[in-house]
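Enquirer: structure for this input, please:
(2 chains)
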Amino acid sequence: MINFDSAAPVKLKGVGDGFWITLDPSHSEDVLKSEIDKVFRNLKHLAINASVVLDVGGAKGHDDLIESLKSFLMTTFEVAKVSTPPEKRSIPTERIRQRDLSKGWNHHRSDVLMLRGIVRSGQKIESRKHIVIMGDVNPGSEICAGGDVIVLGKLAGKVHAGFPNTETAIVFALEFRPTLVRIGETAASGIDEEAGIKPEYASVENSAIIVKDYMKANPFRKMPWPEAI
Amino acid sequence: MEGKVIVVTSGKGGVGKTTATASIGAALALEGKRVAIVDMDIGLRNLDVVMGLENRIVFNIVDVVLGKCKISQAAIRDRRIENLFLIPASQSDNKDVLSPAGVERVANDLRKEFDYVIMDSPAGIERGFQNAIVGANEAIVICTPDVSSVRDADRVIGILYSRSLTPKLVVNRIEPSRVERGEMLSYEDVLEVLSIELLGLVPMDEHVLISSNTGTPLVLQNDSKAGHAFRRIARRLNGEADLPIEIPSHRSSMWKKISKTFGFK
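Expert: Down below sits the predicted model:
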């Protein structure tokens, strides 16, 4: 097993036409200089006119250190160019772009239990996955999902999304009339106000279950790319 | 050709299973079919009272299933309607004396002798109900337009589907004036939740109480609205699937005739 705590303060790697130096900026400048001196002495004439990248591993606020090492390298070993690594995009954006380009959902194994038909009184549907019901969920029935619950019809039974404790799950229905909604560990009893037939969804906000008009407050509009779940 | 075994069930008690069994059975017999109505509510028999045949009981369905008598000995012939027979339940036993296998065997025997065998199931979804549906080819679910009855009917429909029976629905005790005032679920509301094939709509009718207490079949009373509805249900069961379903209404019959001419069913 690699022990990251006692990693060498300076690591050298050959890249393309030059060298990549990974520094541990927690060490003092003198230590780093002597270490660099040590490895570059072994390189002998190879260091001359090479281009060098100084990588402090993403740590900020070491511009002085880098400047000082840069002049040290140029004067002592006659390297041609000293630069810092190119800035990377944030990891999630990078990942989504890659996924979007590679159409990752083509290879995604679905985590959805999808059912067609009426769920009748006395029936209980349980899954650790997301549940999608194409049909009605009648009063007296129960749905219990590890993820989201989507009902393409009337939802009038008991529903538990995000079982046992996923508070980020949602419950969506084209007609939202459940007798009891639970999301993770938060519960709310039936909504008896007659709001008309419209698509609504429930989610947890400030440890309370809030039901919103899906067409007005679509929670997924904020997501820039389609993402497989 | 073998006959059909039709079970009449509801889940909830007191919605009119027994009345429906007696009426549909009698109406099918009036259509000229050979009909047996079987009371499967062991321990709480009622069908014989509703049919007015209580004092002619010698043997009952338990005796038939246990092999103590023949079907012909237990079947009581109705003297008013030709080809109508009643096999009563036992009042002294409880529901556990019957085994599903025994009931199924008797149902198969009955199928050979009658065109229609109508079984009156007990309320609930326990042993007695399981026994009643085990030999059935078809099922009729009776439901009244109230929330608890719809809930129970929904449960029963689920169980029937799981036994490969496709139930048909009869909505009983509709009070058109109360539906219009919004005090009662309409049959559309019931149908929307249950979403199965509708067999008929039966209006609330005071003749039902009178006929049950006097033991005269409802369908023999010409002025009974419920009796009329059950006769139409029987015709629909008996192959006239296109017979339009009459929607109970408290409007005058004149208005009904006008609506019919304009094509409103």
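Enquirer: tell me which helix or strand of chain A sits lowest on mean pLDDT?
Expert: The weakest-scoring helix or strand in chain A, judged by mean pLDDT, DSSP states H and E, is helix A:91-102 (a mean of 62).
Enquirer: any idea of the mean pLDDT in the helix or strand that that helix is followed by?
Expert: Remark: after helix A:91-102, the chain's next helix or strand is strand A:112-116, criterion DSSP states H and E. Averaging pLDDT along strand A:112-116 yields 92.
Enquirer: what is strand A:112-116 packed up against?
Expert: strand A:124-127, strand A:130-134 (3 or more C-beta pairs under 8 Å, 6 or more residues apart in numbering or on different chains; DSSP states H and E). Every residue, glycine included, has its C-beta placed from N, CA and C.
Enquirer: got the residues of the stretch 151-265 of chain B near chain A?
Expert: Selection of the stretch 151-265 of chain B residues close to chain A by C-beta under 8 Å from any C-beta of the partner chain yields B:151-152, B:154-155, B:157-159, B:161, B:193, B:195.
Enquirer: still on that earlier bit, can you put the helices and strands packed on strand A:112-116 in JSON lines and add mean pLDDT, distance to chain B and mean neighbour count?
Expert: JSON lines is the format used below for these (pLDDT from 0 to 100; distance: least, C-beta to the nearest C-beta, whole Å; neighbours: other C-beta atoms under 10 Å in any protein chain shown):
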{"stretch": "strand A:124-127", "mean pLDDT": "93", "distance to chain B": "11", "mean neighbour count": "15"}
{"stretch": "strand A:130-134", "mean pLDDT": "95", "distance to chain B": "13", "mean neighbour count": "20"}
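Enquirer: which stretch among those comes nearest A:R41?
Expert: strand A:130-134 (60.4 Å; C-beta to C-beta).
Enquirer: now do that closest one: everything it contacts.
Expert: Strand A:130-134 is contacted by residues A:111-117, A:119, A:125, A:143, A:145-153, A:229 when judged by C-beta atoms under 8 Å, 6 or more residues apart in numbering or on different chains.
Enquirer: I'd like the next helix or strand past it.
Expert: strand A:142-145.
Enquirer: pull out the buried positions in the following helix or strand past that following strand.
Expert: Next along the chain after strand A:142-145, taking DSSP H and E as the criterion, comes strand A:149-155. Neighbour-count burial for strand A:149-155, with 16 or more other C-beta atoms under 10 Å in any protein chain shown as criterion, is recorded at A:149-155.
Enquirer: chain B: which of those residues is nearest?
Expert: Closest approach between the buried residues of strand A:149-155 and chain B, by C-beta to the nearest C-beta: A:K154, at 8.2 Å.
Enquirer: ok, B:D242 to chain A distance?
Expert: 26 Å (C-beta to the nearest C-beta, to the nearest Å).
Enquirer: part of a strand, is that residue?
Expert: No. Counting by DSSP: H, G, I helix; E, B strand; the rest coil, B:D242 is not found in a strand; it is coil.
Enquirer: measure how buried it is and give me the count.
Expert: When neighbours are counted by other C-beta atoms under 10 Å in any protein chain shown, B:D242 registers 6.
Enquirer: relative to B:R236, how far out is it?
Expert: Separation of B:D242 from B:R236 (C-beta to C-beta, to the nearest Å) stands at 9 Å.
Enquirer: where does chain B dip in pLDDT?
Expert: Within chain B, the segments meeting pLDDT under 70 span B:251-265.
Enquirer: show me where it has its strands.
Expert: B:4-9, B:35-39, B:76-77, B:84-87, B:116-120, B:138-143, B:167-174, B:197-203 (DSSP state E).
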